[in-house]
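Asker: Next comes the sequence, and after it the predicted model I'd like to discuss.
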Amino acid sequence: MADVRRSRYLLFAALAFVLGACATQDARNASNAPAGSHAAQIDDVVTAFRDAGQFNGSVLVAEAGEVIYENGVGWANIEWEVPNTPDTKHRIGSVTKHFTSAIVLQLVEEGEIELDSPISTYLPGYPAEQGSKVTVHHLLNHTSGIPSYTGLPDFIQEQGRDPFTPDELIEVVWDMPLEFEPGTDWAYNNSGYFILGRIIENVTGEEYDDVLRERILEPFGLDDSGYDHNSEIQPHEASGYRHTMTGYEHAGYLDSSLPYAAGMMYSTVRDLYRWDRAMADGATPFQSMETKELWYTPGLAEYAYGWSVRDEQVGDDGPTVRVIEHGGGINGFNTAYVRYPDQQNMIALIDNTEGNPGAIAAQLARVLYDQPTEAPKPEISRVIAATIEEQGVTAGIEEYKRLRAEAPDDYDFSEAELNNLGYFLLRDGDAEAAIAVFTLNTEQYPDAFNTFDSLGEAYKETGQVELAIQNYERSLELNPGNANGRRMLAELGVEASEAEGLVLPAEVLERYVGDYELQPGFVISISRDGTRLLAQATGQPQLEVFAQTETRFFLREVAAQLEFHLEGDGPAVALTLFQNGREVRGARVE
């Protein structure tokens, strides 16, 4: 199975001190907050994630409309040791989408665009097969069915450095069949917002970035935000990095024409706060409250027009609050922008090392609503990587076993950790060490299909065909829905039959129907259609799941499994999702 490329990493030992020292200096003012105050607690959370090597960027938190904490952590530019600050400019990726949707709705108010008009009205050359069915409304809430260009196989890897005009990129997808009938399903779609950018240009007669500046940025004083053209120099802009197993490296180049209206803005956490305050003021940025309410009205998958909008319980025992938010990820940067309009609270985090600001935002929300927080755990893969580099793979494996026995709660020992390390070693050319690490993972997690799939891949790449076949077959025994294992076996000349799954009685399946919350804002909804069981995760299409046993199910489209937990004769009380080497349990909430 492909390696799990996550966004949270432990600091490489050589950089831990300098990054930590910089962050401590930057946090000086915030740390002077009164003991026990929300600001002091927020600083404790941010410091914990910094010390665990899981945050490098800018952060701002507002409570009741007022800034209570702002900070820069680590370096905006590692080479020159330029620190991050609350005024550092970062790319914000898909947070751009709600700015794009705001412009569209402004044009709707002015009578220039109609939400129910097909896109061919505004893009006359668009083929009728799609253009006559897909409306502006479908583009805004990801229900168009148009294939997302960022999801096309190898498109970004092979063409991400190439400049495209808007029309050239739209032509990449406009002849492709729709993935579903518009309005009947939901799938996150960068093509839709790219097309919206081109519609804005056609309607206004101006380029997208000029319209953005004239209609949003200048009127609302967002002086440190804009469209990030590769050719332009932006003062105080952070560089984007990837945090690998052995330190930092520059993020891959991405031509600024590709994200376009779907994700090419830069901003600061202070500008995001200014924008939050502007949106809290009456109908802003629209003429009427009706338009603003439409902007925030969720459709399928709780997605509105450029926003995810939902009611969410904070922590295990906290209040249920209204959340309006959007994340953003683009080469080198990840953003979390979370708004709680009823209480006028806001959290903005931008990480310029591809970190996981969403995980921090969830903990900061707990602080704001007086719920206990959970500290991040250092990732064992980073510790073992350093040992292998210095002393060899045998020493690394011995250290892993010792730490797991002596300090099982001090590190993240999840299945994904060794998987990530194994793939790092494999890409680094040390196949022998990679196989040793993957083998260790099969020993630690003998019931996990992904560990055997990964070991099979390592053997396949090193030409050890029989061992590769054995491990791929074992992965299919553990998860009959492992499509990757089936494909790899076919490449090795072994035909594996399609998994059908067990047929369970409807009364058994009915016990599993309900909603299961795996983390705040992420719910898996289980429904039944006769003797078919269906699962839909927040923000994702509905998929059929197939019975492997009476309580364990697999998916064909996604490398994942579900297990239901029963108590007595009643409905299931919880569900566990097995995916990407992780086990996440969620209690039944409905």
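Answerer: On my side now, so go ahead. What you see is a predicted model, and the numbers here were worked out from it, not measured in a lab.
Asker: now the end-to-end length of stretch 131-145.
Answerer: The straight-line separation of the ends of stretch 131-145 (C-alpha to C-alpha, to the nearest Å) is 11 Å.
Asker: Mind listing what's buried along that stretch?
Answerer: By 16 or more other C-beta atoms under 10 Å, the buried positions in stretch 131-145 come out as 131, 133-145. Every residue, glycine included, has its C-beta placed from N, CA and C.
Asker: what do you get for stretch 228-241?
Answerer: Across stretch 228-241, burial judged by 16+ other C-beta under 10 Å covers 228, 237-241.
Asker: just stretch 196-215 next, same as before
Answerer: By neighbour count on 16+ other C-beta under 10 Å, the buried set for stretch 196-215 is 196-201, 203-204, 208-209, 211-213, 215.
Asker: and if you look at stretch 392-403?
Answerer: 393, 396-397, 399-400, 403.
Asker: And stretch 243-255, by the same measure?
Answerer: Neighbour-count burial for stretch 243-255 [16+ other C-beta under 10 Å]: 243-245, 248, 251, 254.
Asker: what do you get for stretch 171-183?
Answerer: By neighbour count on 16+ other C-beta under 10 Å, the buried set for stretch 171-183 is 172-174, 179, 182-183.
Asker: I'd like those residues laid out as CSV, including distance to residue 425 and pLDDT.
Answerer: Compiled in CSV, these are given as follows (distance: C-beta to C-beta, whole Å; pLDDT from 0 to 100):
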residue, distance to residue 425, pLDDT
172, 36, 92
173, 37, 93
174, 42, 92
179, 37, 89
182, 45, 96
183, 47, 95
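Asker: Closest one of those to residue 574?
Answerer: Of all the buried residues of stretch 171-183, residue 179 has the smallest distance to residue 574: 32.0 Å, by C-beta to C-beta.
Asker: so how far is residue 129 from the closest residue to the closest one other than its chain neighbours?
Answerer: In this structure, residue 179 finds its nearest non-sequential neighbour in residue 145, 4.8 Å apart by C-beta to C-beta, 6 or more residues apart in numbering. Distance of residue 145 to residue 129, computed by C-beta to C-beta, to the nearest Å: 11 Å.
Asker: any common contacting residues for the two?
Answerer: residue 178 (C-beta atoms under 8 Å, 6 or more residues apart in numbering).
Asker: rewinding a little: ok, of the buried residues of stretch 131-145, which one's closest to residue 542?
Answerer: Set against residue 542, the nearest of those by C-beta to C-beta is residue 143 (13.1 Å).
Asker: Tell me, domain by domain, which residues of this protein belong where.
Answerer: 92-368, 380-491, 506-588 (automatic domain parsing).
Asker: Which of the buried residues of stretch 196-215 fall in helices?
Answerer: 196-201, 203-204, 208-209, 211-212 (DSSP state H).
Asker: Tabulate the residues you listed (a markdown table), appending pLDDT and distance to residue 317.
Answerer: What follows is those, written out as a markdown table (pLDDT from 0 to 100; distance: C-beta to C-beta, whole Å):
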| residue | pLDDT | distance to residue 317 |
| --- | --- | --- |
| 196 | 98 | 41 |
| 197 | 98 | 43 |
| 198 | 97 | 47 |
| 199 | 98 | 46 |
| 200 | 98 | 45 |
| 201 | 98 | 49 |
| 203 | 97 | 49 |
| 204 | 98 | 49 |
| 208 | 98 | 45 |
| 209 | 96 | 46 |
| 211 | 98 | 46 |
| 212 | 98 | 42 |
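Asker: any chance of these in TSV, plus distance to residue 552?
Answerer: What follows is those, written out as TSV (distance: C-beta to C-beta, whole Å):
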residue	distance to residue 552
196	42
197	44
198	46
199	46
200	48
201	51
203	52
204	54
208	48
209	50
211	52
212	49
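Asker: related to what we said a few turns ago, farthest pair in the buried residues of stretch 243-255?
Answerer: Pairwise over those, using C-beta to C-beta, the maximum falls at 245 and 254, 22.5 Å.
Asker: which ones are touching residue 476?
Answerer: 449, 482, 485-486, 489, 496, 499.
Asker: Now do residue 549 against residue 273, distance only.
Answerer: The gap separating residue 549 from residue 273 is 50 Å, by C-beta to C-beta.
Asker: what do you get for residue 61?
Answerer: Separation of residue 61 from residue 273 (C-beta to C-beta): 9 Å.
Asker: Also residue 570?
Answerer: Taking C-beta to C-beta, one finds residue 570 at 47 Å from residue 273.
Asker: before we move on, the earlier item: taking the contacts of residue 476 one by one, which sit in helices?
Answerer: Members of those lying in helices (criterion: DSSP H): 449, 485-486, 489.
Asker: Filter those down to just the buried residues.
Answerer: By 16+ other C-beta under 10 Å, the ones in helices among the contacts of residue 476 give 449, 485-486, 489 as buried.
Asker: and the two most separated of these?
Answerer: Pairwise distances among those were taken by C-beta to C-beta; the largest, 13.3 Å, belongs to 449 and 489.
Asker: And for the residue nearest to residue 137 when sequence neighbours are not counted, the neighbour number?
Answerer: Ranked by C-beta to C-beta, 6+ apart and with sequence neighbours excluded, the top spatial neighbour of residue 137 is residue 115, at 4.4 Å. Per other C-beta atoms under 10 Å, the neighbour tally for residue 115 reads 15.
Asker: Now for residue 115: which residues touch it?
Answerer: Here residue 115 is in contact with 108, 135-137, 140 (C-beta under 8 Å, 6+ apart).
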